[in-house]
Structure formats: C-alpha cells, structure tokens
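Chemist: Mind looking at a prediction? Sequence and model below.
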Amino acid sequence: MKKDLALHFGVFVLFAILVILFKRWFDLSYWPFLVGGLLGTILPDVDHLIYVYFLSPQDLTSQRVSYLLEKKDVLRSISLLYETRTERKGLIFHSTVFQLIFWILTFLVVSSSGSIFGRGLVLAFSLHLIVDQAIDFNFQKQKPTPYFYLNILILLFFGILL
C-alpha cells in the first residue's frame, strides 16, 4: 500500500515539477495547483469505495471492507482494498468510457477555467488513472496499448502547453 501511494504521489510531484518549470510558476501564488494535484491524486481511489458500497456489496471483499469501516478500522480497510485491487473489475473511474469523458472535462477545465486548483485536480486525476493503467499492464504482463501512450501525450499537452 505504501509503495502504491508513494508511486502515485511521486509521479505527481515529478509531473508538477515539469509543469512548474515549463510554465515558470516560481511564485508562491501557484500553490493551489499543488493542493489540487494532491487531492486529484487521491480522488480516483474513491472508485473502490463506490464498488464496495454500490456496484458489488455482496462480494466477500466488499463485505469485509464494510465491516472494517463500521468498526472504524480505516487503515486495515485501506490495506485490504489495496491487497485485493486486482479482483475488482468494472470500476467506473477506471473505465475507458469514463476516461474519454474525463478528457473532455479536463480540456474544458484546463483551457477555459482560470482556476489553477481545478487544473491541478483534473491533471492529477488523469495522471493517477494513467499510472493505474501502467500498473495493470505489469500485473497482466501485457504491453502498453496505443491508447495508453495517447493518454500520456494528451496529459503532457494539457499540462504543459495549455
């Protein structure tokens, strides 16, 4: 679990440094970008809770997580969700359809909104999903698809050029 968190936050920090250097955001007034990015790094994991409570509450792991959360044992429930993440299929946020829709939302936020908090949030959310795809490829011992590389290019375009 700690490795996964470190990986997601580490990748975001590297991406944020790249954006900050490229856009020359050296002023402290750009701290909302980092805060939005930290929140956006965590939000895709809410998908696992949606699965536990709404998509498949009858699943054994879902029942165990619900029981642990009722007992207020949050750390053990997070650990259990991490250990069993490959069992959950059909997560909403991790689907291709959601990602396509979210890219449209990301484009609108990045190009139209003046909020750098929102920019950090949507870019980090998208980055988290890309990292999860890379992790899935390693688990399944598959080569990354052209869709994966396209996601990386889109993220770099939105993060750096817009």
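Modeler: Noted; the coordinates are in hand.

Chemist: Residue 17: neighbour count?
Modeler: The local packing of residue 17 (other C-beta atoms under 10 Å) involves 10 other residues. (Each C-beta comes from the backbone N, C-alpha and C, glycine too.)

Chemist: Is it in a helix, a strand, or coil?
Modeler: Assigned state for residue 17: helix (three-state reduction, DSSP: H, G, I helix; E, B strand; the rest coil).

Chemist: show me what contacts it?
Modeler: Residues counted as contacts of residue 17 (C-beta atoms under 8 Å, 6 or more residues apart in numbering): none.

Chemist: From residue 57, how far off is it?
Modeler: The gap separating residue 17 from residue 57 is 41 Å, by C-beta to C-beta, to the nearest Å.

Chemist: for the top helix by length along the chain, what is the average pLDDT?
Modeler: Secondary structure of the chain per DSSP state H: the longest helix is helix 116-140. Summarised as a single mean, pLDDT over helix 116-140 is 91.

Chemist: same for that helix, what does it pack against?
Modeler: helix 2-23, helix 31-42, helix 96-112, helix 146-156 (3 or more C-beta pairs under 8 Å, 6 or more residues apart in numbering; DSSP states H and E).

Chemist: For residue 116, give me its contacts.
Modeler: For residue 116, the contacting residues are 30, 32-33, 36, by C-beta under 8 Å, 6+ apart.

Chemist: any idea of the pLDDT on the closest residue to it other than its chain neighbours?
Modeler: Leaving aside its chain neighbours, residue 116 sits nearest to residue 33 (4.4 Å; criterion: C-beta to C-beta, 6 or more residues apart in numbering). Predicted confidence (pLDDT) for residue 33: 96.
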